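Visitor: okay, structure incoming, though there's no sequence with it:
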């Protein structure tokens, strides 16, 4: 028997694992990761160290908390019945139930299963582009927004902000028309003028035949937790409708209660043609993505001609365990909707107090997400070291954050207690004093 696992399990957290290639990490300059042995609720238990509050829901996926017993039980029961089946030839009850529920909740009538957020966006993009070819009205222009992040597969990279993360692949990415993202914050008096400039630019771009406009409704996540107003998105929708283009909302982060409504497009007051969903879909238990589409779009892929078909799929499409987790997560959201509807009021007093600190700029709040910029000297953005400094301080105070450069945010699981949430803000406050 290979005993390398047992040897490696004794490795100290100050070392890099000899076989693992970590994501988004330059190991020459980064700190080796700590080993997590268990998760419970909002807490992560660390090998040989005190527990940490997971204040970012483990990259925004852990919706109800770690090791939620209801979801864990649903997965266990499903695993004893059916763990996987090819979805090109069969369907199963968990997938049927999930599709019916999500179609009812979104108002879109068709659901396509994939594996993660990037692939959910890829599917939406392919549907939007092919749809115009299927009706013999080819449209090539795609419009996206500066600062956007839609994933790390090639189509998703092309849609996102061109930056350090995708620079090596620039020549392989298709062109995208791009507009500024008029983000706003508390005390912002100039937001309307910025919005109007963008809307004028959009109207001009839409004079060219456009296949689709894609956006993250209300909130750009990886782009700096940048928030826009519902009125702006409603104006975008009006222009897109007038141009006959399709509107895609990337709700990989914002879906399932994160912005205060079940889906962010609902809080925005818009009705997209296509929706990409992932992250909180399974409560953070298993990887899964889905793309929602209107029935009239689906019907353009139906016909005798094989070229009309959406030739796309994944080995684990509609995995029964993932579907079981997603159905269980939806059960919990339906049972306690006030957990996400009222979460903003839990953040409010703490962020108001924190905003008095002169190092805190552009405070903003949306549903379960609170964010601000650290006032820093020099270049701002993802590579600014202020966030790393604050992160180390907060970890030493029992709170795990992962700032986006000089952008600090809290995006905790719904189950976080009031004392745990207070501890997060106290850690940030003391960390700002030490910067």
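Guide: Arrived safely. Predicted model, so just to flag it, every value in this text is computed and none were measured.
Visitor: buried stuff in stretch 229-237?
Guide: Neighbour counts over stretch 229-237 (16 or more other Cβ atoms under 10 Å) mark 229, 232, 233, 235, 236, 237 as buried. Just so you know, the C-beta spots here come from the backbone N, C-alpha and C atoms, and that holds for glycine as well.
Visitor: could you do stretch 143-155 as well?
Guide: Residues of stretch 143-155 classed as buried: 143, 144, 145, 147, 148, 149, 150, 151, 152, 155 (neighbour count, 16+ other Cβ under 10 Å).
Visitor: Provide the secondary structure category for residue 130.
Guide: Per DSSP: H, G, I helix; E, B strand; the rest coil, the secondary structure class of residue 130 is helix.
Visitor: got a pLDDT number for it?
Guide: pLDDT recorded at residue 130 is 98.
Visitor: could you measure from it over to residue 98?
Guide: 25 Å (Cβ to Cβ, to the nearest Å).
Visitor: the two: who's more crowded?
Guide: Per other Cβ atoms under 10 Å, whichever of residue 130 and residue 98 has more neighbours is residue 98, with 25 against 21.
Visitor: next structured bit after the helix or strand harbouring the more buried one?
Guide: Element membership of residue 98, judged by DSSP states H and E, is helix 93-106. Downstream of helix 93-106, the first helix or strand assigned by DSSP H and E is strand 110-114.
Visitor: quick one: distance of that following strand to the chain centre.
Guide: From the chain centre to the centre of strand 110-114 is a distance of 17 Å (Cα atoms, centre = their mean, to the nearest Å).
Visitor: please enumerate residues in contact with it?
Guide: 87, 95, 98-99, 102-103, 120, 122-123, 127, 288-295, 297-298, 310, 312, 314, 317-318 (Cβ atoms under 8 Å, 6 or more residues apart in numbering).
Visitor: packing partners of the helix holding residue 98?
Guide: If contacts are counted by 3 or more Cβ pairs under 8 Å, 6 or more residues apart in numbering; DSSP states H and E, helix 93-106 sits against strand 110-114, strand 289-293, helix 320-335.
Visitor: gap between that helix and the chain center?
Guide: For helix 93-106, the distance to the chain centre is 20 Å (Cα atoms, centre = their mean).
Visitor: cool, stretch 211-225 as well?
Guide: 10 Å.
Visitor: kindly report the same for stretch 362-376.
Guide: On Cα atoms, centre = their mean, the centre of stretch 362-376 falls 17 Å from that of its chain.
Visitor: state the mean pLDDT of that stretch.
Guide: Averaged across stretch 362-376, pLDDT comes to 96.
Visitor: stretch 322-339 too?
Guide: Across stretch 322-339, pLDDT averages out at 98.
Visitor: buried residues, that stretch. List them.
Guide: So, applying 16+ other Cβ under 10 Å, buried residues of stretch 322-339: 322, 323, 324, 325, 326, 327, 328, 329, 330, 332, 333, 339.
Visitor: so which residues make contact with that stretch?
Guide: Stretch 322-339 is contacted by residues 63-64, 68, 70-71, 73-75, 77-78, 92, 94-95, 97-98, 101, 256-257, 262, 280-283, 285-288, 316, 340, 414-415 when judged by Cβ under 8 Å, 6+ apart.
Visitor: tell me the pLDDT of residue 29.
Guide: The per-residue pLDDT reported for residue 29 equals 88.
Visitor: measure residue 366 to residue 69 for me?
Guide: 29 Å.
Visitor: so between these two, which is more surrounded?
Guide: More neighbours surround residue 366 than the other of residue 366 and residue 69, with 20 against 10 (other Cβ under 10 Å).
Visitor: my guess is the more buried one meets residue 259, correct?
Guide: Yes - with contact defined as Cβ atoms under 8 Å, residue 366 counts as touching residue 259 (5.1 Å).
Visitor: what touches both of those two?
Guide: 218, 219.
Visitor: how about the helices in the stretch 51-200 of the chain?
Guide: Ranges of helices in the stretch 51-200 of the chain, per DSSP state H, counting those that start in this stretch, are 57-60, 69-79, 93-106, 117-134, 154-159, 191-205.
Visitor: as TSV, these with distance to residue 179 would be great.
Guide: Converted to TSV, the helices of the stretch 51-200 of the chain look like this (distance: least, Cβ to Cβ, whole Å):
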stretch	distance to residue 179
helix 57-60	25
helix 69-79	39
helix 93-106	25
helix 117-134	17
helix 154-159	13
helix 191-205	5
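Visitor: ranking the ones you listed by burial, who's on top?
Guide: Scoring these by mean neighbour count under mean count of other Cβ atoms under 10 Å gives helix 117-134 as the most buried, with a mean of 24.
Visitor: just want the angle from it to strand 289-293.
Guide: If you take axes from the mean of the first three to the mean of the last three Cα atoms, to 10 degrees, helix 117-134 sits at 30 degrees to strand 289-293.
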